[in-house]
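> Task: produce atomic coordinates for the following.
(chains A and B)
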There are 2 protein chains.
Amino acid sequence: MDRLVRLAAADMGGVDRLITERMQSDVPVIPALAEHLIAAGGKRLRPLLTVAAARLAGSDNDACLKLAASVEFIHTATLLHDDVVDGSQLRRGKVAAHLIWGAAQSVLVGDFLFARAFELMVETDSMKALAILARASRVIAEGEVLQLTRSHDLNLSQAIYLDIIAAKTAELFAAASEAGAVSAGVDPARSEALRAYGLNLGLAFQLADDALDYGGATETLGKNAGDDFREGKATLPLLLAIARSGPREAEFWERAIGRREQTEADFRRARELIIGSGALDATLDLASDYADKAKAALALFPANDWREALESLADFAVSRRA
Amino acid sequence: MDRLVRLAAADMGGVDRLITERMQSDVPVIPALAEHLIAAGGKRLRPLLTVAAARLAGSDNDACLKLAASVEFIHTATLLHDDVVDGSQLRRGKVAAHLIWGAAQSVLVGDFLFARAFELMVETDSMKALAILARASRVIAEGEVLQLTRSHDLNLSQAIYLDIIAAKTAELFAAASEAGAVSAGVDPARSEALRAYGLNLGLAFQLADDALDYGGATETLGKNAGDDFREGKATLPLLLAIARSGPREAEFWERAIGRREQTEADFRRARELIIGSGALDATLDLASDYADKAKAALALFPANDWREALESLADFAVSRRA
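Predicted coordinates:
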């Protein structure tokens, strides 16, 4: 991660300037609310992917900066809407925007950022990039709806869980990389390879994130450890632990997740069951497999600094075990 | 209105087929929720504008049908989000979607439709149309936020009220017409003229709608008469009546709108004051002025069936006094 951040520093400076410039509006609430979330930082992982993919694919112009800013706007819009939908309290270590400005403003500022993203894409005059990011925006919404309808289902299969995280998380990683590649005018084999890199990286990243919710500390997460558990979200560590449970544990899961009747001590017990059953390690192993696939997808490209930085990003995605 | 509907019947059949086809998804909640709102009908006024503008501007292909369906998707997305934001109970004479599926699903299905709109636009391969509709989507969001922050302000000026309705309503009418014109490959003077037609029609339409909330019956509106009053929305009929009030009425407005402490009888009193003070007629007169401007903007075009139908639509927009 650090390596990629250093390599892309100048480009990302340009992306940050675009983000600040294009989140402005004559309606003062809009930049105030957007700034709250955007200035809180986050890793800017998705726009980094756009820039790195473009540079690895040989881009020598600045079209990728506008696409990268668009990608961050789409991501920020989905975060604003998600936090309303989930009733989340914390985001990037700060109080969630909807708790300060209200759900209505969060929904509308999300809409603003989403539209701004498309205005920025239009400026790049790349219909291919527009197609990729419009599709990704639609797939993300489908993933969110699917998650909302299925997320408290204790019998959710691993396949459907993977469908959900592919749509709600990995699709934007894939589209961010692919759009960067396309802005470099690269051939289809190479833009497909960078799409595959992003998709597998996104899966690895989300699996590691879902594991961290049971294995990490609140400071590392930027959200409260145990949030998924308290929301009763059927993520893979939980699903695997449930599948490995005996009848006594089954009753516990049914109460705490199925009926969401939780006591203070329940998260600790869930964590013990998830770690003790090997479900946490199994989740992290699967994440590592996807990280390996991501790295393998880069084989088409010359072994330069950009490729090495993207490889080390895949390692980073699954190394956050603390 | 009827005249335009008849003239555009074949084109609108194609638009309806596109709408039904493109609101499908592998996630079943999405078409179910979208269908609830879209099948309830509505006037399909905005896509009608796109088709009519394209045909008046000489289009002889079907690009305008995809743009028209995109326009309806953008409109439907904003309605879903608005009803969540305003907590509205009724839409198009049916229970609002968020009361059936929940606010979360309404927000996410709105996002889905918004993204679908951009996917459809990409298919037309018109970067100009994309620029127009991306901008409109952003302006609408700005208008909604502005309305939310200022709508309970009893001292709202007529100028800011007009800014709000220009952004939240008239902009999409303008963009719908302009995008249709652009799809016909018309010169800038003519696409600007059709944009001006749409903008003025949209202002006339919203002013008449705001007047109807005090002058109409629930069956005519497809929403409850008095909704604006009960939500404490500072629309023009109310603002003009307040400006014309003596001290006794001022106290009434301050209580019922400013503090929103309302009794059952208050809506009737508000209606009497708004009609009695001439505020309702003044609002409708202003609407008529905009309708006249809309018609005047069509002077550049040959006096054919399409132009006459658009002229009669402007008359219709301000004739709904019942």
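
> my read: A:Asp227 touches A:Asp210, true?
No. In this structure, A:Asp227 is not within contact of A:Asp210 by CB atoms under 8 Å, at 10.8 Å. Yep, even glycine has a C-beta here, placed from its N, CA and C like the rest.

> Which of these two has more residues huddled nearby?
Neighbour totals were compared for A:Asp227 and A:Asp210, and A:Asp210 leads with 24 against 17 (other CB atoms under 10 Å in any protein chain shown).

> Leaving out chain neighbours, which residue sits closest to A:Arg22?
A:Arg116 (5.6 Å; CB to CB, 6 or more residues apart in numbering or on different chains).

> confidence score at A:Phe112?
On the pLDDT scale, A:Phe112 is placed at 97.

> The helix or strand that contains it vs helix B:103-124, what angle?
Taking DSSP states H and E as the definition, A:Phe112 sits inside helix A:103-124. Helix A:103-124 and helix B:103-124 are oriented at 10 degrees to each other (axes from the mean of the first three to the mean of the last three CA atoms, to 10 degrees).

> how about the strands in the stretch 1-150 of chain A?
A:90-91, A:94-95 (DSSP state E, counting those that start in this stretch).

> Which one of those lies nearest to A:Pro302?
strand A:90-91 (38.4 Å; CB to CB).

> who does the closest one pair up with?
Using DSSP bridges, strand A:90-91 pairs in its sheet with strand A:94-95 (antiparallel).

> neighbouring contacts of the partner strand?
With contact meaning CB atoms under 8 Å, 6 or more residues apart in numbering or on different chains, strand A:94-95 is reached by A:His36, A:Leu37, A:Ala40, A:Gln89.

> how about a cut-off of 10 Å?
Residues outside strand A:94-95 that contact it (CB atoms under 10 Å, 6 or more residues apart in numbering or on different chains) are A:His36, A:Leu37, A:Ala39, A:Ala40, A:Gly41, A:Gln89, A:Ile100, A:Gly222.

> hang on, isn't A:Gly102 packed against A:Val84?
Yes. Here A:Gly102 reaches A:Val84: they are 9.4 Å apart, a contact under CB atoms under 10 Å.

> more crowded one of those two?
Using other CB under 10 Å, the more surrounded residue of A:Gly102 and A:Val84 is A:Val84, with 24 against 15.

> and the nearest residue to A:Arg138 once chain neighbours are set aside, what pLDDT?
Nearest residue to A:Arg138, sequence neighbours excluded (CB to CB, 6+ apart): B:Ala115, at 3.7 Å. Looking at B:Ala115, its pLDDT reads 98.

> what about B:Ala115, distance to A:Leu90?
With the distance defined as CB to CB, to the nearest Å, B:Ala115 ends up 27 Å from A:Leu90.

> Longest helix in chain A, by number of residues?
helix A:188-215 (DSSP state H).

> does any bit of stretch A:38-52 sit next to chain B?
No. Applying CB under 10 Å from any CB of the partner chain, one finds stretch A:38-52 separated from chain B by no less than 16.3 Å.

> So for that stretch, first residue to last residue, what's the gap.
21 Å (CA to CA, to the nearest Å).

> In it, which residues are buried?
For stretch A:38-52, a neighbour-count test (16 or more other CB atoms under 10 Å in any protein chain shown) marks A:Ile38, A:Gly42, A:Arg44, A:Leu45, A:Arg46, A:Pro47, A:Leu48, A:Leu49, A:Thr50, A:Val51, A:Ala52 as buried.

> least confident pick among the residues you listed?
Within these, pLDDT is lowest for A:Gly42, at 76.

> got the contact list for that residue?
Contacts of A:Gly42 by CB under 10 Å, 6+ apart are A:Glu72, A:His75, A:Thr76, A:Leu79, A:Arg91, A:Arg92, A:Gly93, A:Gly222.

> What of A:Ala208?
So A:Ala208 contacts A:215-216, A:283-284, A:286-288, A:290-291, A:316-321 (CB under 10 Å, 6+ apart).

> Looking at A:Ala53 now. What's its pLDDT?
98.

> no wait, A:Phe73
Confidence for A:Phe73, expressed as pLDDT, is 97.

> what's near enough to touch it?
By CB under 10 Å, 6+ apart, the neighbours of A:Phe73 are A:18-19, A:22-23, A:34, A:38, A:47, A:110, A:112-121.

> switch to 7 Å and redo it
By CB atoms under 7 Å, 6 or more residues apart in numbering or on different chains, the contact set of A:Phe73 is A:Leu113, A:Phe114, A:Arg116, A:Ala117.

> How about the secondary structure of the spatially most central residue of chain A?
Centroid-nearest residue in chain A: A:Thr169, 4.5 Å away (criterion: CA atoms, centre = their mean). Secondary structure assignment for A:Thr169 (DSSP: H, G, I helix; E, B strand; the rest coil): helix.

> From A:Leu207, how far out is it?
9 Å.

> try A:Ala141
Counting by CB to CB - A:Ala141 and A:Leu207 are separated by 22 Å.

> returning to that earlier point: and the residue nearest to A:Arg138, how far is that from B:Leu239?
Taken as CB to CB, the span from B:Ala115 to B:Leu239 is 37 Å.
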